[in-house]
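Participant: Just to be clear, the model below is a prediction. Sequence and coordinates:
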Amino acid sequence: MSPAEKRPDDGSPARPIQSRAEFTALYRRLARSTGGARGAAAALAPELVRAAAGEVRLGRTVTMAAPIETRPAPDNPQPAGHRLTSPPEAEAGGAGLHFATDRFSMNVHGDADSHLDALCHVVYDGTLHGGVPASTVSAEGATALSVDLVRNGIVGRGVLLDIPRLRGVPWLEPGDHVTADDLRAAEAAQQVRVGAGDILLVRVGHRRRRIETGPWDAAHSRAGLHPEAVEFLAERGVAVLGSDGNNDTAPSPTEGVDFPVHVLGIHTLGLYFMDYLQFEDLVPLCEEADRWSFLCVVAPLRLPAATGSPVNPIAIL
């Protein structure tokens, strides 16, 4: 057993534990390569978008977003609000013209609904990505690094790595980690390679587990990437990271840092994150086509001062 692993007393598999010193060393290594003002999405140059369009073979489209939920659940104590604002029921069936209208409200960064994290979402040691002062984020909104930076969309080559498929299980259990070795093994098994500017999507099976066993307190218990796997993302030049979970494991494997993958990915590398997607519609299509790469189109809402946005990413095979 390596020094970075600790086996619990209950006989469950060994779990990697990262010290604060190890995390700091990794943070400093990754900080040497950043994506500039627009973050890593700046790598999505026109030539990469054109190349990604060449991934389309079947002309099939599939959503990677989960339905927005409006009822409380253990992982969603503040669900999105939705109500019809007109017309009143007494008028709806009457003569003449009427319009049905709606009002929505949402906790964008909750643990159930699919969303995109902007570069201003993570504050660490008083700064945002690129050393931007944390004071640029206030109750009035973000004046720097908001989701408005990607108002023209994020378009590129999507690559789905299915870790439960690799391990022969329906999902990873909460608390389990995806390592860099897992990512490389999934590449080999699926005959695909993650490259510069890719939109990397890592399936841990969170959504399937939630569907089949019911919601749980995902804020305190969920599968995700191990922080050291972020070095793989940096080496390959990934532009965006998405998962059907939160991307971070809970409990955190890092001493004194609750969301180490968010810190390393968003704050340090300038990656855009997509949390709580769903891949249950996409996996069968990838298996049918025997392809795990595709054109991916992400269109966040135009929220000029927001730290994130609900999102409906589309895979086009």
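Facilitator: Done, it's in.

Participant: So, low pLDDT: which residues of the stretch 51-200 of the chain?
Facilitator: The stretch 51-200 of the chain contains residues with pLDDT under 70 at 89-94.

Participant: So which residues of it form strands?
Facilitator: In the stretch 51-200 of the chain, strands defined by DSSP state E, counting those that start in this stretch lie at 61-63, 81-86, 101-105, 115-117, 137-138, 141-142, 154-162, 177-178, 199-203, listed in chain order.

Participant: does Pro215 really touch Pro74, like I thought?
Facilitator: Yes. Applying C-beta atoms under 8 Å, one finds Pro215 in contact with Pro74, separated by 4.8 Å. Just so you know, the C-beta spots here come from the backbone N, C-alpha and C atoms, and that holds for glycine as well.

Participant: What residues does the one residue sitting closest to the centre of the chain make contact with?
Facilitator: Nearest to the mean C-alpha position of the chain, by C-alpha atoms, centre = their mean, lies Met274 at 2.5 Å. With contacts defined as C-beta atoms under 8 Å, 6 or more residues apart in numbering, Met274 is in contact with Ser114, His115, Leu116, Asp117, Leu201, Val240, Leu241, Gly242, Ser243, Val298, Val311, Pro313.

Participant: ok, what's across the strand from the fourth one?
Facilitator: In this case it means Asp117. Residues found in beta-bridge contact with Asp117 (criterion: DSSP bridges) are Phe273, Gly308.

Participant: For burial, what's the neighbour tally of it?
Facilitator: 25 (other C-beta atoms under 10 Å).

Participant: same deal with the fifth one?
Facilitator: Other residues within reach of Leu201 by the criterion other C-beta under 10 Å amount to 25.

Participant: Give me the secondary structure label for Tyr27.
Facilitator: The assignment at Tyr27 comes out as helix when based on DSSP: H, G, I helix; E, B strand; the rest coil.

Participant: Please enumerate the helices of the stretch 151-300 of the chain.
Facilitator: For the stretch 151-300 of the chain, the helices defined by DSSP state H, counting those that start in this stretch cover 163-167, 180-190, 206-213, 230-236, 260-262, 282-289.

Participant: Tell me which of these approaches Ala223 most closely.
Facilitator: helix 206-213 (6.3 Å; C-beta to C-beta).

Participant: Only the buried residues of the closest one, if you could.
Facilitator: Along helix 206-213, the positions that meet the burial threshold by neighbour count (16 or more other C-beta atoms under 10 Å) are His206, Arg207, Arg208, Arg209, Arg210.
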